[in-house]
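A.B. asks: Please find the sequence and the predicted model below.
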Amino acid sequence: MVEPNERRASGDGGCGTREDTATAAAEDGTAAGEAARGGDGAVRGEGGGPAPYPAADGAATTPSRSLMTRPLLVLFAVAAGAAVGSLYYAQPLLDVIGGDFGAGDGTVGLLVTATQVGYALGILFIVPLGDLRQRRVLIPVMMVLSALALGACAVAPDIATLAGALIAVGVTTVAGQILTPLAGDLADDASRGKVVGIVVSGILTGILIARIFAGLVASAFGWRVVFLVAAVVAVVLAALLYRSIPKLPPRSTTLSYRALLKSVFSLVATEPKLRISMVFGIFGFGVFTMLWTSLTFLLSGPPYNYPTAAIGFFGVAGLIGALAAQGAGRLHDRGSSVAGVGLAWALILVSWVVVGFGGHVLVVLVIGIITLDIGIQGQNILAQSRVFQISAEARSRLNTAYIAGNFIGGAIGSVVATTVWDAGGWPAVSVTGGALSLAALIVWAATRRGALQP
């Protein structure tokens with residue numbers, strides 16, 4: 001059953017949300033705009049009732065034509081990937097960092113957890129500002145702050161300091177998750193799924209390239225240089241984004257920060273489509289982080305005994321999967337999102353079976369990594385595109401809720417990976433990953449005719 005606040009406006013051929021139409025009307029200064037917005041500045045729901053969360057009062061968020069050019073889309077994808085990729089430099093370096101500081105696998109594995117927890121905090125407290133502040137300024141500022149945190153990682157004298165610096169990296173490297181809803185705002189209705197899919201693909205691609213880059217650079221120059229180079233890249237991208245992002249006024253000049261944060265929880269409470277998407281995001285990033293955290297331990301020990309550089313190159317397998325899944329956004333644009341989510345989780349489940357039985361056979365392991373990343377990336381693109389459908393006025397806050405769930409799942413996944421690895425090695429990790437994927441597939445089957453429906 002479609003909830004009232006999820007119904008689409010009829011005036012745009014069914015392509016945009018009700019809030020898209022209300023926002024467009026409210027921007028034109030006409031009586032129709034006043035009626036749509038209401039005297040208190042809130043976008044009105046059906047029958048003139050208020051929307052269940054505060055609306056913005058700035059620029060229109062759904063252009064009649066796409067403002068997203070191809071060069072700008074490429075820059076968004078690259079910058080988003082570089083920003084979020086900063087969270088994952090430590091993963092292929094766990095063994096060498098542990099050796100440098102004399103820490104065991106369990107302790108070093110918590111560095112990944114620290115970064116994910118910091119990122120969840122940044123998502124919760126900073127990303128909502130995309131609905132309140134000028135994003136042309138906010139995004140570059142966050143990238144510069146991230147560069148400072150990465151520099152602190154490079155000079156950390158002990159593992160406790162490194163963990164603190166990685167928390168700071170997590171908190172500040174949220175530019176990618178502010179760019180994603182901005183990309184959705186700049187796209188028109190017909191291409192939004194495709195545009196969001198490319199930017200989200202850029203994020204996962206950046207995560208995987210970060211692993212390759214970290215392995216190569218650390219092997220040649222040491223792990224500290226990885227963070228120094230990443231800091232320089234962040235500063236360069238900050239400058240390019242400041243020059244390239246269109247000058248859009250803030251969406252709101254009256255909404256308080258406290259009300260902004262409160263409305264995130266209101267969205268979670270009132271939007272079943274958001275809640276079920278968050279559930280899939282928690283499952284998805286949980287098993288994704290489990291795979292890549294435990295893969296480092298698998299490849300650094302017998303029978304592989306690979307050096308750091310070789311472990312980093314396994315990111316190529318994930319990169320192939322990420323690129324292969326890029327077209328998932330088109331499934332959303334064509335109305336096949338629900339079936340696509342089920343197919344993605346079935347593929348993830350099969351992939352865990354493959355890597356579980358073939359963990360010590362290199363070719364089988366690589367095939368399993370590729371197919372698992374196709375499934376993870378595909379379901380993530382479909383979920384995020386579906387979430388952005390809920391409200392044009394609150395896309396940054398919707399993204400906050402969805403991505404916070406993702407990276408809470410990632411933090412849980414990294415803890416589970418190190419714990420299960422210590423208990424039973426690769427077979428135990430594979431069984432756990434498969435069980436979680438099966439649970440997600442059961443949730444899909446139970447909700448495909450309910451909350452998942454547009």
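C.D. replies: Good, I have the coordinates.
A.B. asks: C-alpha only now, for contacts and for neighbours.
C.D. replies: Noted.
A.B. asks: now the strands for the stretch 351-454 of the chain?
C.D. replies: Counting by DSSP state E, counting those that start in this stretch, one finds no strands in the stretch 351-454 of the chain.
A.B. asks: Please, where are all the helices along it?
C.D. replies: If DSSP state H, counting those that start in this stretch is used as the criterion, the helices of the stretch 351-454 of the chain fall at 362-388, 395-447.
A.B. asks: just the ones you listed: most buried one?
C.D. replies: Using mean count of other C-alpha atoms under 10 Å, the stretch among those with the greatest mean number of neighbours is helix 362-388 (a mean of 24).
A.B. asks: Tell me what angle it forms with helix 395-447.
C.D. replies: Per axes from the mean of the first three to the mean of the last three C-alpha atoms, to 10 degrees, the angle that helix 362-388 makes with helix 395-447 is 110 degrees.
A.B. asks: Off-centre distance for helix 362-388?
C.D. replies: For helix 362-388, the separation from the chain centroid amounts to 13 Å (computed by C-alpha atoms, centre = their mean, to the nearest Å).
A.B. asks: what about it, average pLDDT?
C.D. replies: pLDDT averaged over helix 362-388 equals 90, rounded to a whole number.
A.B. asks: Can you name every helix or strand that it contacts?
C.D. replies: Counting contacts by 3 or more C-alpha pairs under 8 Å, 6 or more residues apart in numbering; DSSP states H and E, helix 362-388 packs against helix 192-221, helix 272-300, helix 315-324, helix 328-333, helix 337-357, helix 395-447.
A.B. asks: Least confident of those helices, on average?
C.D. replies: Averaged per stretch, pLDDT over the helices and strands packed on helix 362-388 is lowest on helix 328-333, reaching a mean of 75.
A.B. asks: mind listing what's buried in that helix?
C.D. replies: With burial defined by 16 or more other C-alpha atoms under 10 Å, the residues of helix 328-333 counted as buried are Ala328, Gly329, Arg330, Leu331, His332, Asp333.
A.B. asks: From the centre of this structure outward, give me the first residue you hit.
C.D. replies: The central residue of the chain, meaning the one whose C-alpha is nearest the mean C-alpha position (C-alpha atoms, centre = their mean), is Ile403 at 5.4 Å.
A.B. asks: Correct me if wrong: that one contacts Gly122.
C.D. replies: No - Ile403 sits out of contact with Gly122 when judged by C-alpha atoms under 8 Å, with a separation of 10.3 Å.
A.B. asks: Any stretches of the stretch 51-200 of the chain with poor pLDDT?
C.D. replies: Within the stretch 51-200 of the chain, the stretches falling below the threshold (pLDDT under 70) are 51-66.
A.B. asks: Quick one: the helices in it, in order.
C.D. replies: With DSSP H, counting those that start in this stretch as the criterion, the stretch 51-200 of the chain has helices spanning 70-85, 94-101, 105-125, 135-154, 159-172, 175-186, 192-221.
A.B. asks: quick one, what contacts Pro140?
C.D. replies: Contacts for Pro140 (C-alpha atoms under 8 Å, 6 or more residues apart in numbering) come out as Ala175, Leu237, Ala238, Ala239, Leu241, Tyr242.
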